[in-house]
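[1] Build me a model from this:
(chains A, B, C and D)
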2 protein chains.
Amino acid sequence: MNISQIADKTGLPPKTIRYYEEIGLITPDRGANGYRVFTDSHLHKLAFLGRARTLGFSIEDCRTLLALYEDDTRASADVKAIARQHLKQIKEKIAQLQSMADTLGHLIKCCAGDNRPDCPILNDLARH
Amino acid sequence: MNISQIADKTGLPPKTIRYYEEIGLITPDRGANGYRVFTDSHLHKLAFLGRARTLGFSIEDCRTLLALYEDDTRASADVKAIARQHLKQIKEKIAQLQSMADTLGHLIKCCAGDNRPDCPILNDLARH
DNA sequence: ATAAGGGTTCCAGTGACTGGAAGGTCAAGG
DNA sequence: CCTTGACCTTCCAGTCACTGGAACCCTTAT
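    This next block holds a predicted model:
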């Protein structure tokens, strides 16, 4: 498979796939013309990476997960630990965003939103 | 005021304040020795920026909000529109993260997390 | 022969800082 | 007067995970 074919199958842009090669996540073969040649094994790895990325794992987490994925003697506890840590960070991020949303929502409700310059949002920004 | 004093008062690192000058958000005066000199007006602007940033506004939003803050003839509707748009993006981000968290939480619950290699988390990553 | 549509590499930019190097300035102590 | 240490300055590089674009090569069809 050429890069655009595997890009279609995985949903990852060619640029991203080249980037993943550059940072050593995959190592496609090369044809006589210098083109990258992808096998089903590469396809599986890239699909794995795509899915892990949509779940928000960092590239370094993906690298570790991929190594565990390839390791038949892995302990599922190692995978679970990474996932737990990641989930914790996601939850922290959500809490932080929720706090912003609460504050903003309150300020928006208080703001008349008309032609007059008086604005509780700016007042709040200036007061702190 | 020198930069470290205003940094203390605003809670912003000196590096960040220099960066804000570089991108034109503030324009401190300069002493004869080349040191930046900050006035109360700069203090207020930086505090304003710090607060807006903790609410997650982008730098470009901050630039606009600061201009509105300085404009006595502003319409509060303009401020409200920016805040609304920002709140919408925050909510979208939260929904996205929540979806990740739900999926991850489910996978984690399904994973034994022991010494065996069998792992629902890796299975899921590989299946999609 | 040429044009379209692949592929390749390399460089630069994103956002909002952050770290570090190299060097100038200032106030206090010996 | 000299030194020490804490400031300050600028400039360059790095972060993260790509993304855009330029310049060029390869293949296939017309």
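[2] can stretch A:100-109 be found next to chain B?
    Yes: counting by Cβ under 8 Å from any Cβ of the partner chain, chain B has neighbours in stretch A:100-109: A:100-101, A:103-105, A:107-108. Backbone N, C-alpha and C define where each C-beta goes, glycine included.
[3] and A:G105, how far is that from DNA strand C?
    Going from A:G105 to DNA strand C by Cβ to the nearest atom of the strand, to the nearest Å gives 20 Å.
[4] What helix or strand is that residue located in?
    Element membership of A:G105 [criterion: DSSP states H and E] is helix A:76-110.
[5] What angle do helix B:76-110 and that helix make with each other?
    160 degrees (axes from the mean of the first three to the mean of the last three Cα atoms, to 10 degrees).
[6] Give me the spatial nearest neighbour of A:D29, chain neighbours excluded.
    Ranked by Cβ to Cβ, 6 or more residues apart in numbering or on different chains and with sequence neighbours excluded, the top spatial neighbour of A:D29 is A:V37, at 4.4 Å.
[7] wait, A:A77
    Spatial nearest neighbour of A:A77, chain neighbours left out: B:G113 (4.5 Å); criterion: Cβ to Cβ, 6+ apart.
[8] measure the residue with the largest distance to the centre of chain A to DNA strand C for me?
    Distance from the C-alpha centroid of chain A peaks at A:R116, with 42.4 Å (Cα atoms, centre = their mean). A:R116 is 29 Å from DNA strand C, where distance means Cβ to the nearest atom of the strand.
[9] Which neighbouring residues are in contact with the residue lying closest to that residue once chain neighbours are set aside, exactly?
    Of all residues not flanking A:R116 in the chain, B:S76 sits nearest, at 6.0 Å (Cβ to Cβ, 6+ apart). Contacts here follow Cβ atoms under 8 Å, 6 or more residues apart in numbering or on different chains; on that basis B:S76 touches A:111-119, A:121-122.
[10] repeat that with 6 Å
    A:111-113, A:116, A:119 (Cβ atoms under 6 Å, 6 or more residues apart in numbering or on different chains).
[11] And for A:F57?
    By Cβ under 6 Å, 6+ apart, the contact list for A:F57 reads A:H86.
[12] before we move on, what about the one 5 residues further on?
    Contact analysis of A:C62 by Cβ under 6 Å, 6+ apart lists A:49, A:52.
[13] now do 7 Å
    Contacts for A:C62 (Cβ atoms under 7 Å, 6 or more residues apart in numbering or on different chains) come out as A:25, A:49, A:52-53.
[14] The residues you listed into a markdown table, with extra columns for distance to A:L66, neighbour count and pLDDT?
    As requested, the contacts of A:C62 are exported to a markdown table (distance: Cβ to Cβ, whole Å; neighbours: other Cβ atoms under 10 Å in any protein chain shown; pLDDT from 0 to 100):
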| residue | distance to A:L66 | neighbour count | pLDDT |
| --- | --- | --- | --- |
| A:L25 | 7 | 17 | 97 |
| A:L49 | 7 | 25 | 97 |
| A:A52 | 8 | 25 | 97 |
| A:R53 | 11 | 16 | 97 |
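[15] With distance to chain B and secondary structure added, can I get these in CSV?
    Shown next, in CSV, are the contacts of A:C62 (distance: Cβ to the nearest Cβ, whole Å; DSSP: H, G, I helix; E, B strand; the rest coil):
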residue, distance to chain B, secondary structure
A:L25, 14, coil
A:L49, 9, helix
A:A52, 5, helix
A:R53, 10, helix
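[16] and those residues as a markdown table, adding distance to DNA strand C?
    Shown next, in a markdown table, are the contacts of A:C62 (distance: Cβ to the nearest atom of the strand, whole Å):
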| residue | distance to DNA strand C |
| --- | --- |
| A:L25 | 15 |
| A:L49 | 17 |
| A:A52 | 20 |
| A:R53 | 16 |
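[17] Save the residues you listed as CSV, and put in distance to B:M1 too.
    Below are the contacts of A:C62 laid out as CSV (distance: Cβ to Cβ, whole Å):
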residue, distance to B:M1
A:L25, 49
A:L49, 50
A:A52, 48
A:R53, 45
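[18] For DNA strand D, state which of those residues is nearest.
    Nearest to DNA strand D among the contacts of A:C62 is A:R53, at 5.1 Å by Cβ to the nearest atom of the strand.
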